[in-house]
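In: sequence first, then the predicted structure, then my questions.
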Amino acid sequence: MLCVSITGGKVQIHEDEECDGSKRPVDEDTCFERPCFKWYTTPWSECTKTCGVGVRMRDVKCYQGRELVRGCDPLTKPVNKQTCALQPCPTEPPGVPKFCHYFLTLTLF
């Protein structure tokens with residue numbers, strides 16, 4: 001706790017001995033009782049596609065302390081959806097070689 005005076009628009013901090021001890025409050029009190037509004041996010045979901053471009057999402061919610069509220073600044077809201085691309089999709093079907101060779105065996109009687 002500080003002993004402060006304002007003289008001519010200037011704030012001055014004084015030593016405890018310079019102040020009237022009878023005016024000193026017994027207990028300290030918080031100046032701002034309510035917690036601030038804050039955006040909270042969950043972890044990102046898995047990508048919706050295993051190849052090519054997909055989407056991943058997360059929850060974004062505004063809390064004031066432990067209460068879910070609507071007081072957060074929408075301009076600072078984190079994104080809740082974004083594109084993701086884990087790897088390119090194959091252009092050939094799996095297991096089919098590029099060059100196929102056919103062998104035919106004929107048995108003549």
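Out: Arrived safely, thanks for sending.
In: CA only for contacts and neighbour counts going forward, please
Out: Noted.
In: so how far is residue 37 from residue 51?
Out: Taking Cα to Cα, to the nearest Å as the measure, residue 51 falls 38 Å from residue 37.
In: who has more neighbours out of these two?
Out: Ranked by neighbour count (other Cα atoms under 10 Å), residue 51 and residue 37 place residue 37 first, with 17 against 14.
In: show the model's pLDDT score for the more buried one.
Out: On pLDDT, residue 37 comes in at 92.
In: bridged to it, which residues?
Out: Applying DSSP bridges to residue 37 yields these beta-bridge partners: residue 64.
In: okay, it and residue 44: tell me how far apart.
Out: Going from residue 37 to residue 44 by Cα to Cα gives 22 Å.
In: need the residue closest to the centroid of the chain.
Out: Residue closest to the average C-alpha location in the chain (Cα atoms, centre = their mean): residue 41, at 4.5 Å.
In: next up, the contacts around that residue.
Out: 58, 59, 60, 61, 78 (Cα atoms under 8 Å, 6 or more residues apart in numbering).
In: count of residues packed around the first one?
Out: This means residue 58. Around residue 58 there are 16 other residues, counting by other Cα under 10 Å.
In: return the residues in contact with it.
Out: Residue 58 is in contact with 41, 42, 43, 44, 45, 80, 81, counting by Cα under 8 Å, 6+ apart.
In: can you redo those residues as TSV with distance to residue 20 and secondary structure?
Out: Shown next, in TSV, are these (distance: Cα to Cα, whole Å; DSSP: H, G, I helix; E, B strand; the rest coil):
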residue	distance to residue 20	secondary structure
41	50	strand
42	52	coil
43	55	coil
44	58	coil
45	61	coil
80	56	coil
81	59	strand
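In: any chance of those in TSV with distance to residue 91 and pLDDT as columns?
Out: Listed next are the contacts of residue 58 as TSV, based on distance: Cα to Cα, whole Å; pLDDT from 0 to 100:
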residue	distance to residue 91	pLDDT
41	37	95
42	35	95
43	32	94
44	29	95
45	27	96
80	31	97
81	28	98
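In: nearest to residue 108 among those?
Out: The nearest member of these to residue 108, counting by Cα to Cα, is residue 45 at 63.6 Å.
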